[in-house]
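Chemist: sequence? don't have it. structure:
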């Protein structure tokens with residue numbers, strides 16, 4: 001069966017701290033380990049189950065910060081300890097991809113890998129599977145770095161955009177012209193009107209030899225560090241070797257480090273009900289709302305003259321909400337946050353401010 005091809009792999013990236021979902025997401029329990037949308041499963045569990053339908057289970061890896069290896073094992077008991085890959089420090093996505101690519105390359109030089117975040121929402125599973133398999137089959141035959149692009153539905157300034165050439169090179173595969181990181185509103189509107197721009201979903205697909213060659217060309221210092229560790233990979237010496245090289249890696253994203261520089265980048269325009277669930281507003285978009293447009297999580301919330309609010313409070317707490325319009329109200333055991341929806345992109349900055357003034361106790 002094509003969908004269980006033994007050379008198809010996935011690396012689920014699950015090491016982030018999800019600071020824009022503070023105060024629900026904390027350093028010791030970030031959003032990928034939470035059930036943000038009250039579905040009964042965490043974002044990581046949904047991501048794993050989605051891939052397990054078409055990738056052999058033994059080929060599913062989870063790359064996470066060493067702080068979270070126990071959490072991953074607890075939430076995904078079916079993943080073997082050898083497939084939970086531990087990063088000793090947070091260095092952004094390029095070192096993470098380099099590490100897992102070299103590790104899989106040593107195990108299977110014919111591997112084709114999907115690198116995907118652990119915390120995205122995908123509503124249409126079959127359409128997602130179809131786009132991934134299309135990408136895997138393409139990179140198996142071509143020296144290509146493929147990204148899945150999402151057809152934009154609004155001029156969102158929180159996403160990166162991909163512009164692509166009009167003629168396809170294979171079935172629904174197009175050459176990428178440009179990447180633009182988080183444009184301003186005017187530019188985002190122009191992109192939407194032009195019709196040849198997609199949102200960058202941050203889901204990448206490549207053959208292992210192609211990505212290692214790209215590291216050699218565009219991030220040689222990072223590549224050399226993992227080549228030094230090659231003999232230790234998949235042996236008992238791996239942990240010690242990685243702990244030695246990881247701190248020397250540049251802190252850089254795979255987008256900046258490789259995708260925006262390489263000339264063999266392709267995109268598959270997709271529509272599978274995607275949200276990166278990066279912010280409270282994105283959670284709001286995907287939750288059920290009352291007749292006033294409030295998305296309320298909490299059994300004892302009384303709403304009077306409040307509209308279009310995102311509310312998440314403990315079930316045992318009585319909360320009265322009056323007169324608020326388009327606010328985010330998040331209450332946890334030790335933190336209450338009330339913030340305008342318009343300002344939610346600044347939550348990261350507010351968290352940094354709290355760290356400066358109050359230390360790490362509330363993070």
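Modeler: Cool, got the structure. Since this is a predicted model, take the numbers as computed values, not measurements. Residues are numbered from 1 along each chain as shown.

Chemist: Could I get the full set of helices for the stretch 201-350 of the chain?
Modeler: With DSSP state H, counting those that start in this stretch, the ranges of helices along the stretch 201-350 of the chain come out as 208-218, 220-228, 238-245, 254, 280-285, 347-358.

Chemist: Mind putting these into CSV with mean neighbour count and distance to residue 312?
Modeler: (Each C-beta comes from the backbone N, C-alpha and C, glycine too.) Listed next are these as CSV, based on neighbours: other CB atoms under 10 Å; distance: least, CB to CB, whole Å:
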stretch, mean neighbour count, distance to residue 312
helix 208-218, 20, 38
helix 220-228, 17, 38
helix 238-245, 16, 37
helix 254, 25, 32
helix 280-285, 20, 8
helix 347-358, 14, 14
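
Chemist: Contacts only, for residue 18.
Modeler: 25, 30-32, 119 (CB atoms under 8 Å, 6 or more residues apart in numbering).

Chemist: if we take those residues, which one ends up nearest to residue 362?
Modeler: residue 25 (12.3 Å; CB to CB).

Chemist: Please name the residues that touch that closest one.
Modeler: Counted by CB under 8 Å, 6+ apart, residue 25 has contacts 17-19, 31, 34.

Chemist: for the stretch 51-200 of the chain, what spans make up the strands?
Modeler: Under the criterion DSSP state E, counting those that start in this stretch, the stretch 51-200 of the chain carries strands at the ranges 60-65, 84-87, 112-117, 121-122, 145-150, 161-170, 173-180, 197-207.

Chemist: Tabulate those in TSV, adding columns for mean neighbour count and mean pLDDT.
Modeler: Shown next, in TSV, are these (neighbours: other CB atoms under 10 Å; pLDDT from 0 to 100):
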stretch	mean neighbour count	mean pLDDT
strand 60-65	24	98
strand 84-87	22	97
strand 112-117	24	98
strand 121-122	20	94
strand 145-150	26	97
strand 161-170	16	94
strand 173-180	17	94
strand 197-207	25	95
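
Chemist: can you tell me which of these comes nearest to residue 327?
Modeler: Comparing the strands of the stretch 51-200 of the chain by CB to CB, strand 121-122 comes nearest, at 22.3 Å.

Chemist: Pull the residues that contact the closest one.
Modeler: 37, 43, 46, 50, 128, 272-277, 282, 286.

Chemist: cool, stretch 239-258 as well?
Modeler: 86-99, 115, 145, 160, 179, 181, 200, 202, 204, 211, 214-215, 218-219, 221-222, 225-226, 228-229, 232-233.

Chemist: Ends of it, what's the gap?
Modeler: 26 Å (CA to CA, to the nearest Å).

Chemist: circling back: dump the strands of the stretch 51-200 of the chain into CSV; add distance to residue 317 as well.
Modeler: What follows is the strands of the stretch 51-200 of the chain, written out as CSV (distance: least, CB to CB, whole Å):
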stretch, distance to residue 317
strand 60-65, 31
strand 84-87, 36
strand 112-117, 32
strand 121-122, 27
strand 145-150, 37
strand 161-170, 41
strand 173-180, 43
strand 197-207, 35
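
Chemist: Those: which one's closest to residue 329?
Modeler: strand 121-122 (21.4 Å).
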